[in-house]
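Enquirer: Need coordinates for the below:
(one chain, ligands or ions: 2)
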Amino acid sequence: MKRTLVIVKPDGVERGLVGEILSRLEQRQLRLVAADLRTMDVATAKRHYAEHEGKPFFDRLVASITSAPALVMVFEGPDDTWRVVRTMIGATNPAEAAPGTIRGDLALEMDANLIHGSDSADAAQREIAIFFPDLA
Ligand code: IDP
Ligand code: MG
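Expert: Ligands and ions are numbered 1, 2, ... in the order given. Take a look at the predicted model:
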């Protein structure tokens with residue numbers, strides 16, 4: 001799987017970090033193949049985060065990702081591009097994310113960790129199909 005889904009979440013868009021995040025991914029030589037600034041509806045957010053349904057943070061997560069525009073993108077690179085992007089994003093909890101990663105350099109809180117990246121080849125395929133059915 002050479003493609004992966006990346007979302008600059010509403011907190012990243014609000015903070016004006018779209019340029020910084022895009023720039024890091026592009027400088028890594030990942031290629032932007034689709035992008036859409038959209039306010040996600042609740043049904044789409046629940047579908048996207050289906051694996052987390054029932055967890056204590058689920059409702060807050062859905063509320064947050066649907067609260068304002070997010071930049072939904074597809075990036076393309078070598079095999080397992082999802083893994084390259086995940087490494088660049090850093091740990092889910094920004095307080096524990098390594099320096100040099102997007103979260104480790106730009107975020108501090110779990111509820112405002114800026115960015116989503118698919119966490120497997122299957123997830124990449126599934127998530128791209130949700131947001132960009134024409135690419136699937
Ligand atoms: P990921 O974004 O690094 O893939 P996931 O475990 O898939 O992390 O969780 C999705 C999102 O849900 C996280 O990015 C974060 O915003 C939120 N989240 C995950 N775990 C927690 C938690 O324990 N408390 C609060 N929010 C969480
Ligand atoms: Mg995840």
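Enquirer: In this protein, mark out all the strands, start to finish.
Expert: With strands called from DSSP state E, the chain shows them at 3-8, 31-38, 70-76, 115-117.
Enquirer: quick one: average pLDDT of the last one?
Expert: Regarding strand 115-117, the rounded mean pLDDT is 99.
Enquirer: can you check stretch 24-39 too?
Expert: Averaged across stretch 24-39, pLDDT comes to 98.
Enquirer: Same question for stretch 99-106.
Expert: 98.
Enquirer: ok, it near ligand 1 or not?
Expert: No: using CB under 6 Å from any ligand atom, stretch 99-106 stays clear of ligand 1, with a minimum separation of 8.2 Å. C-beta coordinates here come from the backbone N, C-alpha and C atoms, glycine included.
Enquirer: What residues of that stretch count as buried?
Expert: 101-104, 106 (16 or more other CB atoms under 10 Å).
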